[in-house]
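A.B. asks: give the three-dimensional model of this entry:
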Amino acid sequence: MVRKMTPFDRRKMLEARDEGLTDDQIKARFGITDNRTLRRHLKLAEQERDSRFVKVEILKDALAGHLAEIRSLIELWQGILRTPQVDEGYHGIYSPARSLEANSLFNSLREHLPVPILWRNYTIWKKSLDEYVNIWKMLIEEIKQSVRSWQNVRRIRDDFQQPILKRLSYEALERKLEPLRFEKRESGDYEILLVDGVETLETSDALAYEEQYKRLCDQVLGSELATNLINRFRELRAQEPKIRESLQEILQRRDYIMYSCKLCPGQPKLLH
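C.D. replies: The predicted model follows:
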């Protein structure tokens with residue numbers, strides 16, 4: 001009975017030829033009776049070898065591309081790992097963690113970086129950041145509630161709270177606080193109150209609200225919410241270096257290439 005050749009057998013035939021065995025020796029070893037059959041199997045073995053080589057090269061390129069994406073995501077993490085200052089959110093402070101975790105490779109990042117201390121520090125930072133954003137929102141709502149009681153105001157501008165937030169930010173960063181600067185600008189049949197050059201409200205007599213704005217600013221800066229916001233900001237800033245140091249070490253050591261994820265090219269995948 002003629003022996004059925006497998007790809008493994010053909011690979012061994014090529015190895016035998018490369019070792020210097022003659023055609024007769026190869027035929028004897030693999031149970032082949034004629035030269036035509038031998039040549040056919042050797043040619044098929046070469047084609048299979050070439051195919052394996054191409055697949056390996058494609059897989060290498062795909063894996064290199066995947067690991068480059070993982071590295072880019074780690075670098076992005078480093079770049080966005082910064083607590084927003086109090087005055088950066090004109091209409092709402094956002095959480096940088098959201099843009100990171102929205103990336104489709106974020107779960108893969110967890111698999112490539114099984115570093116407990118990194119994820120523990122990140123979880124603490126993210127939770128504090130969420131609390132910081134929530135306190136900021138409550139503070140803005142408190143300012144809006146206070147302004148609603150002001151009389152004869154034609155319109156409150158979107159950036160009304162910005163000069164107040166700037167002073168909060170300066171206090172959080174331990175910078176010198178400058179006095180508020182007030183001026184007015186006429187616009188048709190009404191005036192605009194400018195505080196530190198920022199348009200805050202529209203009314204018939206803008207400078208009549210100078211003292212009210214000062215009192216509101218002092219009230220906000222002295223509030224418990226402001227104190228909590230500043231403390232949370234400083235805590236977040238203190239937590240950032242721990243995560244950055246871990247990420248920098250990972251990038252330098254290229255630790256992410258030592259582990260695989262479900263999206264790594266060449267990973268076995270169960271069919272459902």
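A.B. asks: find the nearest non-adjacent residue to L118, please.
C.D. replies: Ranked by C-beta to C-beta, 6 or more residues apart in numbering and with sequence neighbours excluded, the top spatial neighbour of L118 is S246, at 4.3 Å. The C-beta positions use only the backbone N, C-alpha and C, and glycine is treated the same way.
A.B. asks: that neighbour: which element?
C.D. replies: helix 224-253 (DSSP states H and E).
A.B. asks: can you pull the domain assignment for this structure?
C.D. replies: As given by automatic domain parsing, the domain ranges for the chain are 7-69, 81-258.
A.B. asks: would you mind checking the average pLDDT for the first one?
C.D. replies: Think domain 7-69. In this model, domain 7-69 carries a mean pLDDT of 83.
A.B. asks: ends of it, how far apart?
C.D. replies: Domain 7-69 stretches 35 Å from its first residue to its last (C-alpha to C-alpha, to the nearest Å).
A.B. asks: ok, now the longest one?
C.D. replies: End-to-end distance of domain 81-258 (C-alpha to C-alpha): 24 Å.
A.B. asks: E19 versus R110, what's the distance?
C.D. replies: Distance, R110 to E19, using C-beta to C-beta, to the nearest Å: 47 Å.
A.B. asks: compare these two (neighbour count), which wins?
C.D. replies: R110 (14 against 9; other C-beta atoms under 10 Å).
A.B. asks: surely the more buried one and W119 touch.
C.D. replies: Yes: look at R110 against W119 with C-beta atoms under 8 Å: they come within range, at 7.2 Å.
A.B. asks: ok so, going back, any buried residues in the helix holding S246, and which?
C.D. replies: For helix 224-253, a neighbour-count test (16 or more other C-beta atoms under 10 Å) marks 225-226, 229-230, 232-233, 235-236, 239, 242-243, 246-247, 250 as buried.
A.B. asks: for that helix, packing partners?
C.D. replies: Here helix 224-253 touches helix 35-80, helix 116-147, helix 162-172, going by 3 or more C-beta pairs under 8 Å, 6 or more residues apart in numbering; DSSP states H and E.
A.B. asks: I appreciate the help and will end here.
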